[in-house]
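Chemist: coords please:
(chains A and B)
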Amino acid sequence: MKRSNAFQFHSGTSIFHRLDPLSKLAWLIGVSLLAFGAYIAWIQIIISAIVLMTALALAQLRPLEIIRSTWPFIVACLSFFIIQSLTLPGTHVAFTIGSLRIYVESADYALASALRIYTIILSSMVFVRTTDPRDLAIALVTQMHLPYRIAYAFFIALRIVPTIESEIKIIRAAHAVRGVVKSRSVVGRIGEMKRYAMPLLVGSLRRASMMVMSMEGRAFGAYPQRSFVDAPHAGPLGIALMTVTLAAVVAWYAALMLGFVHAIYVFAPA
Amino acid sequence: MADLVSMPLQGDALWLVPTAGGQTSNPVADSSSGGAAAVHGAAPLPRAVEPAASPLIDLSGVSYTYDGEVSAVLAGVSLTVRPGEFVLILGPSGCGKSTLLHMMNGSVPHILNGKLEGDAVICGKPVATTTVAQFATEVGMVFQDPDSQIINTRVRDEVCFGLENLCRPPQEILARQAEALDQVGMAAFGDRSIFELSGGQKQRVSVAAVLASHPRLLILDEPTANLDPAGMAEVFAVLARLNRDFGTTIVMVEHRVDELADKVSRVVMMDRGTIVFDGPPREAFSSRRVMHSEEAEIIPTASWFPQASEFAIELAAVSGEALDPASLPLSADEAVGFCCGRRFAAERSGASPSSAATATATPHHPTVPLLSIAGLNFGYDRDAPILKAIDLDLSSNAIVALLGQNGSGKTTLARMLVGINQAPAGTIHLEGKDLSLLSAREIASYVGYVFQNPDHQFVTDRVDEEIAYGLQVRDYAPDVITTRVDDILDVVDLKRYRDRSPFSLSLGERRRLSVATMLVLEPRLLVLDEPTIGQDHERAEQLMGLMQRLRERYGTTILMITHDVRLVAEWADRALALVNGEIAFDGTPLELFNRADVLQAAGLLPPPIHAISRQLAARNPDSGLGPVLSVPDLVSALMATAGSALA
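Modeler: Alright, predicted model coming up:
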């Protein structure tokens, strides 16, 4: 009975849950490409807004859930924004705080950078929350023709992450009961990991051995190929999403190359 | 996403599995349990048991030594199992029973490598030359922990997994998964997430996942070890039905014999790698034997006997009657029938019926207040409370059992007592001090916590350092540490292993070491999280004996989270039942087992001896009999019925 991890699959009925994994993967890659290519704040604001609307409307994530799951990233992005705004050089002063001058160019770039990180985090969360790792593995086999043993290895790795995460929590709790104090220094953290390693390794080996026996006992790997029930495929909605994403990426990079994009600063000069 | 897709099959070649002789065969079509009806998705017909049919398991003089080990874990084992049998394998931990099971689907020697000697033939295929995957259509294997063996995240996907690996057409796969889910009573669960299921439901999915391939042989390795009594009953009911209605051959290792003894057709007992008994259950449980633990200590087999059988043996011994194995009861109902019409001599009684009936009913009233919980509500998410309005006082020098279904909040509550879960201010007090204001070390000086998996608690590389660790971080003087460590090593009988790595010990020894790491701090309250999971009854008894000594020596209160009702009946002074995060019952174990409504809500079953005594009391209202919790108490009460015949 533990709080579930926000960055793992939760079953649901939203539009994004119903989309096939590869369409969503294409969307995620497209959003990341757009975010990386956009160094101007207003573009990043638009991309972030679209991703946020996607999370709320198409993936049906609740606002509180998004904030609760991504607050460390929100804090990190805010810190990043403040530090960059204060330290990057610029020519036009946007405003002053005491004797500190905040430049239009530096604030704008800092905002774009911070939003870029958050956009990628949020779009990854949307993808992971709405995509069953098994469906992704099957799509890689049936649509991308990846060997099924490799796809399943990938799936099992994703499947086992929350279990290992939960086991680390239990080990940490068990060690705390023994009087082990959680270390804040890097050296202490390394020592902590060394202590966790043995029980984690023993547990993981036991679990891996059980999984192997469970899978081989049900003929996994007996044949070079296998059949699939409920293999996902790209429907009209998936194709539409991929088309729009591709069009947006092509359009943006073409506009960049052709010099159509002009910097319109979010922070106007004072 | 609901379309059916099949990977292109490369002609019939994909259907062919090489056999030992280098020939090829279609594994599904060859399976005797398959056949045309199964392939076309029709419901299977009940199969008759054919004792004369060729054996599914045929082992002759089989020995097995794991790679890197010197001594053989199996030594000259011979065993024959025919279609339709339901075989229960019993034996102390380390006797080789799991190795024997793993040999039945080829995991031994093909995954768990080692040296195999003798003739081992399963479903007509030699184990030495048949891979695990080649056994997939013949043998289905279910393990102890459903979370480790379930691969997929959705019920339907898990049941389809094996058939997909066998390249069956999607239509056939869907038909067979529906049939398999129906067989385990989960027809409506196909679209459910695995994570939404209870432990019992997950284990039923595991059974369905192997049934879908229509195996001729179903192998189960302690499938209910992690389940609460309700989950256990679900699984046993499904297995009994599969064997009775579908003729499925089942071989199973299981410690919980009370609910299983009357369902199996045969019992095999193992000791130190050999079979020491093989016969029908009544014969198996009619006389006591001596076996050896993993640490080579002598242990009585009576600890694995059904309580109903143990009662009959004891009753016969006290009344001086010879016990006919054919009349040995295996269940509570049979035990009641066993007593009917009998007369017992009063002069042999050691106690009056009234005292026997009420001895365990007397509530324990310890005097020193230790822990107080008032108005505790807790949940990881505000809209999903796990603990609701908990009010509880615990005093010193008591053994308290905390019971309830999986997910009822037992572990969450117990973890609040050691600060793993943050207690809301003012709700939990330890000897008058607010727990929320105490540091982790301060809490640890009052409360110890023994985790389910002892490996999780080890922080050093040596047994003695492991025990010393808690004292060292609390800055005890070196001479005090040495004295205390030596003392505790004696108490837990681990002195001879003091230089060894904790991870090199046996499970029972690791469990004792994890208890020792807490004992050395002399806590006022010791929490045991599922101390009997994965352990045989004898080992659980040893652990509780240790707890009893701790209680006598330090006045420690033991709070144990458990599903083991026999353990509760035998050792606990007080029982708490949690239902959906609320304390639904707080009283003596006898009072708890008298409350059918609480037992049902908490997913508990009373110990067989309680059911027997209650039924006898109800049928003989003037006999002075009443519900009791131990075999000696019931035998004494019966002997005091002054020679009147029981109804």
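Chemist: for chain A, see how far away residue B:207 is.
Modeler: Residue B:207 sits 12 Å away from chain A, going by Cβ to the nearest Cβ, to the nearest Å. Using the backbone N, CA and C atoms, a C-beta is placed for each residue, glycine as well.
Chemist: next SSE downstream of the lowest-mean-pLDDT helix or strand in chain B?
Modeler: Every helix and strand in chain B was compared by mean pLDDT, DSSP states H and E; the lowest is helix B:35-39, with a mean of 30. Toward the C-terminal end, the helix or strand that comes next after helix B:35-39 (DSSP states H and E) is strand B:57-66.
Chemist: tell me which helix or strand residue A:106 sits in.
Modeler: Taking DSSP H and E as the criterion, residue A:106 maps to helix A:104-130.
Chemist: from the contact counts, what lies against that helix?
Modeler: helix A:15-18, helix A:21-37, helix A:41-53, helix A:63-87, strand A:93-97 (3 or more Cβ pairs under 8 Å, 6 or more residues apart in numbering or on different chains; DSSP states H and E).
Chemist: buried set for the first one?
Modeler: Within helix A:15-18, the residues scored as buried using 16 or more other Cβ atoms under 10 Å in any protein chain shown are A:16-17.
Chemist: same check on the third one?
Modeler: Neighbour counts over helix A:41-53 (16+ other Cβ under 10 Å) mark A:41, A:43-45, A:47-48, A:51-52 as buried.
Chemist: turn those residues into CSV, columns for pLDDT and distance to chain B.
Modeler: Below are the buried residues of helix A:41-53 laid out as CSV (pLDDT from 0 to 100; distance: Cβ to the nearest Cβ, whole Å):
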residue, pLDDT, distance to chain B
A:41, 87, 35
A:43, 87, 34
A:44, 91, 32
A:45, 93, 32
A:47, 93, 28
A:48, 95, 27
A:51, 96, 24
A:52, 96, 23
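Chemist: who touches stretch A:241-249?
Modeler: Here stretch A:241-249 makes contact (Cβ atoms under 8 Å, 6 or more residues apart in numbering or on different chains) with A:19, A:23-24, A:26-27, A:30-31, A:33-34, A:234.
Chemist: show me how far that stretch is from its chain's centre.
Modeler: With Cα atoms, centre = their mean, to the nearest Å as the basis, stretch A:241-249 stands 19 Å off its chain's centre.
Chemist: can you show me the CA trace of it as PDB?
Modeler: Provided in PDB are the C-alpha atoms of stretch A:241-249 (Å, rounded to 0.1, in the frame of the first residue of the first chain):
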ATOM      1  CA  LEU A 241      -1.200  13.000 -34.600                       C
ATOM      2  CA  MET A 242       1.900  11.800 -36.300                       C
ATOM      3  CA  THR A 243       1.100  13.900 -39.400                       C
ATOM      4  CA  VAL A 244       0.500  17.100 -37.300                       C
ATOM      5  CA  THR A 245       3.700  16.500 -35.300                       C
ATOM      6  CA  LEU A 246       5.800  15.800 -38.300                       C
ATOM      7  CA  ALA A 247       4.300  18.900 -40.100                       C
ATOM      8  CA  ALA A 248       5.100  21.100 -37.000                       C
ATOM      9  CA  VAL A 249       8.700  19.900 -36.800                       C
END
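Chemist: now that stretch: average pLDDT?
Modeler: The average pLDDT within stretch A:241-249 is 95.
Chemist: residue contacts, residue B:417?
Modeler: Contacts for residue B:417 (Cβ under 8 Å, 6+ apart) come out as B:371, B:428, B:435, B:447, B:449, B:525, B:527, B:559.
Chemist: report the buried residues of the helix holding residue A:106.
Modeler: Buried, per 16+ other Cβ under 10 Å, within helix A:104-130: A:104-116, A:118-123, A:125-130.
Chemist: contacts for stretch A:118-129?
Modeler: By Cβ under 8 Å, 6+ apart, the residues outside stretch A:118-129 that reach it are A:6-10, A:16, A:24-25, A:27-28, A:31-32, A:35, A:44, A:47-48, A:51-52, A:54-55, A:59, A:61, A:66, A:69-70, A:73-74, A:77.
Chemist: switch the cut-off to 6 Å
Modeler: Stretch A:118-129 is contacted by residues A:7, A:10, A:24, A:28, A:31-32, A:35, A:47-48, A:51, A:55, A:59, A:70, A:73, A:77 when judged by Cβ atoms under 6 Å, 6 or more residues apart in numbering or on different chains.
Chemist: now do the residue nearest in space to the middle of chain B, the pLDDT please.
Modeler: For chain B, residue B:225 is the residue whose C-alpha lies nearest the centre (Cα atoms, centre = their mean; 3.0 Å). With respect to pLDDT, residue B:225 has a value of 79.
Chemist: just the CA atoms of stretch B:504-517, as CSV, please.
Modeler: Provided in CSV are the C-alpha atoms of stretch B:504-517 (Å, rounded to 0.1, in the frame of the first residue of the first chain):
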residue,chain,number,x,y,z
SER,B,504,25.5,-17.3,3.6
LEU,B,505,23.1,-18.5,6.3
SER,B,506,20.0,-20.6,5.7
LEU,B,507,16.6,-18.8,5.7
GLY,B,508,15.8,-19.8,9.3
GLU,B,509,19.2,-18.7,10.5
ARG,B,510,18.9,-15.4,8.6
ARG,B,511,15.5,-14.9,10.2
ARG,B,512,17.0,-15.5,13.7
LEU,B,513,19.8,-13.1,12.9
SER,B,514,17.4,-10.4,11.9
VAL,B,515,15.5,-10.9,15.2
ALA,B,516,18.9,-10.8,17.0
THR,B,517,19.8,-7.4,15.5
